[in-house]
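In: pasted the sequence and its predicted model underneath.
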Amino acid sequence: MTIPFNKPYATENEQNYVYSALRSGKLSGNNEFAIKVQKYIKDKHNLENVFLVPSGTAALEMGAWLSGLEPGDEVILPSYTFSSTANAVLLTGAKPIFCEIDPLTLNVNIKHIESLITDRTKMLLPIDYAGIPCEIESLINLATKNNLLLMIDAAQSYGSYYKGKACGSFGDLSTFSFHESKNISCGEGGALVVNKKEWVERAHIMQEKGTDRRLVLYGQKSKYHWVDIGSSYLLSDILSAVLLSQMEQEDNIFSLRKKITDAYFKLLKPYQDKRMITITPYDKYDRVNNHAFWIVFDSENNKNEFILRLKDKEIYAYIGYIPLHSSPMGKKLGYEENDLPLTTSISKRIVRLPLYAGLAEEGLDYCLEQIYDIMNSIYSNNE
């Protein structure tokens with residue numbers, strides 16, 4: 001049996017909705033299915049001003065431009081994130097300032113962020129790693145105290161909640177990804193949630209290549225003009241059709257994923273109790289989307305052996321991010337690997353386990369059995 005790291009979940013309605021979109025003859029963005037997706041997100045999660053875009057990367061870029069970042073500004077973000085988070089900052093001419101992570105959640109380390117704030121800092125840009133919300137209240141307080149903008153890279157946390165409010169509700173801006181690796185997927189897609197109401201109209205202009213075309217479509221003008229910077233930040237209605245079919249099944253998808261993470265937690269907690277590993281702290285949260293399950297091993301050698309032995313059983317795990325500060329681009333920005341020692345150490349010892357909804361329906365028992373045998377073998381040899 002082969003267990004891939006990820007496999008997109010297919011519902012019953014993708015084909016029907018895509019066919020309907022094709023038959024409509026309106027395949028570009030902000031058409032029938034995009035409007036239905038926006039309504040669904042508002043009704044389900046109480047999120048307004050949701051702009052569907054071609055990717056989570058596009059959402060970050062649109063948000064960075066919308067926030068008014070410019071050369072000379074600094075943005076504090078974790079090094080332990082995907083390159084898109086930092087690239088969105090660099091595209092505006094601003095500079096990413098990398099911070100350490102919390103060893104429990106792998107989200108940003110609030111104390112380290114506070115030490116990095118200068119008179120050039122304009123924005124905080126945390127992520128919700130593995131669907132676990134970052135420390136929202138502390139970040140809001142820090143941003144308010146220092147008159148900073150707050151954009152949350154919630155690429156992995158669509159469907160997660162923090163104290164009764166959906167991820168995406170917080171910050172001036174939040175971004176989602178609907179890439180095929182995410183819980184809810186349309187292959188390539190994303191969303192920018194604009195929580196700062198005075199930015200909403202400009203966001204519409206930026207999404208339409210910097211034009212006021214939307215006013216023409218609504219009959220408020222007879223001609224549209226180029227009025228601002230922008231790009232084609234629009235999700236095709238064909239992909240919106242796929243996205244709607246996925247969202248309508250999100251409760252089932254999240255339930256299947258929770259079955260997997262609960263099984264992983266039960267299996268691996270005894271090893272954590274013996275301080276051999278640390279694992280995803282989903283037990284501390286009421287409503288998370290179970291996006292990823294990770295193990296941080298006590299040594300890099302044990303991590304490497306674990307991955308190789310899983311591969312021998314045709315079970316494919318993933319190592320996680322290579323920290324941005326120690327990457328070639330990070331070094332161009334003046335960073336060295338030992339600048340963020342905790343991030344560097346964890347990145348060398350982390351493994352993300354296979355996690356996709358279909359695994360709960362087929363293959364989970366096999367996966368658990370093999371992980372159990374491999375863990376016992378590794379740690380019995382070390383005792």
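Out: Nice, thanks for sending it over. Here the structure is a predicted model, which means the values were calculated and not measured.
In: tell me the helix or strand right after the longest helix seen in the chain.
Out: Assignment by DSSP state H gives helix 250-273 as the longest helix of the chain. On the C-terminal side of helix 250-273, the nearest following helix or strand under DSSP states H and E is strand 277-279.
In: model confidence over that next one, on average?
Out: The predicted model gives strand 277-279 an average pLDDT of 97.
In: hmm, back to that, by contact count, what packs against the longest helix of the chain?
Out: Packing partners of helix 250-273 (3 or more C-beta pairs under 8 Å, 6 or more residues apart in numbering; DSSP states H and E): strand 277-279, helix 364-382. Where you see a C-beta, it was placed from the backbone N, CA and C, and this is true even at glycine.
In: strands paired with the first one, and their directions?
Out: Meaning strand 277-279. Paired with strand 277-279 in the same sheet, following DSSP bridges, are strand 294-297 (antiparallel).
In: ok, residues contacting the partner strand?
Out: Here strand 294-297 makes contact (C-beta atoms under 8 Å, 6 or more residues apart in numbering) with 103, 106, 130, 268, 276-280, 303, 306, 320, 346, 349-353.
In: PyMOL command to pick out the buried ones of the residues you listed?
Out: Paste this into PyMOL to select the buried members of these, with burial taken from 16 or more other C-beta atoms under 10 Å:
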select buried, resi 106+130+268+276+277+278+279+280+303+306+320+346+349+350+351+352+353
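In: off-centre distance for the lowest-mean-pLDDT helix or strand in the chain?
Out: Lowest by mean pLDDT, DSSP states H and E among the helices and strands of the chain is helix 213-217, with a mean of 77. For helix 213-217, the distance between its averaged C-alpha position and the chain's averaged C-alpha position is 32 Å (C-alpha atoms, centre = their mean, to the nearest Å).
In: and stretch 165-179, how far from the chain's centre?
Out: 9 Å.
In: just the C-alphas of that stretch, formatted as CSV.
Out: Taking C-alpha atoms only, stretch 165-179 is exported to CSV below (Å, rounded to 0.1, in the frame of the first residue of the first chain):
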residue,chain,number,x,y,z
LYS,A,165,-14.4,33.8,15.8
ALA,A,166,-13.2,32.4,12.5
CYS,A,167,-9.6,32.7,11.4
GLY,A,168,-9.6,35.4,8.8
SER,A,169,-11.6,37.7,11.1
PHE,A,170,-8.5,39.2,12.7
GLY,A,171,-6.0,41.8,11.7
ASP,A,172,-6.4,44.5,9.1
LEU,A,173,-6.0,41.8,6.5
SER,A,174,-6.0,38.0,6.4
THR,A,175,-5.1,35.6,3.6
PHE,A,176,-6.2,32.1,2.8
SER,A,177,-4.8,29.5,0.4
PHE,A,178,-6.9,26.9,-1.5
HIS,A,179,-3.9,25.2,-3.1
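In: residues contacting residue 339?
Out: Applying C-beta under 8 Å, 6+ apart as the definition, the contact partners of residue 339 turn out to be 98, 325.
In: next: residue 56.
Out: Residue 56 is in contact with 84, 153, 155, 175, 176, 177, 178, 179, 190, counting by C-beta under 8 Å, 6+ apart.
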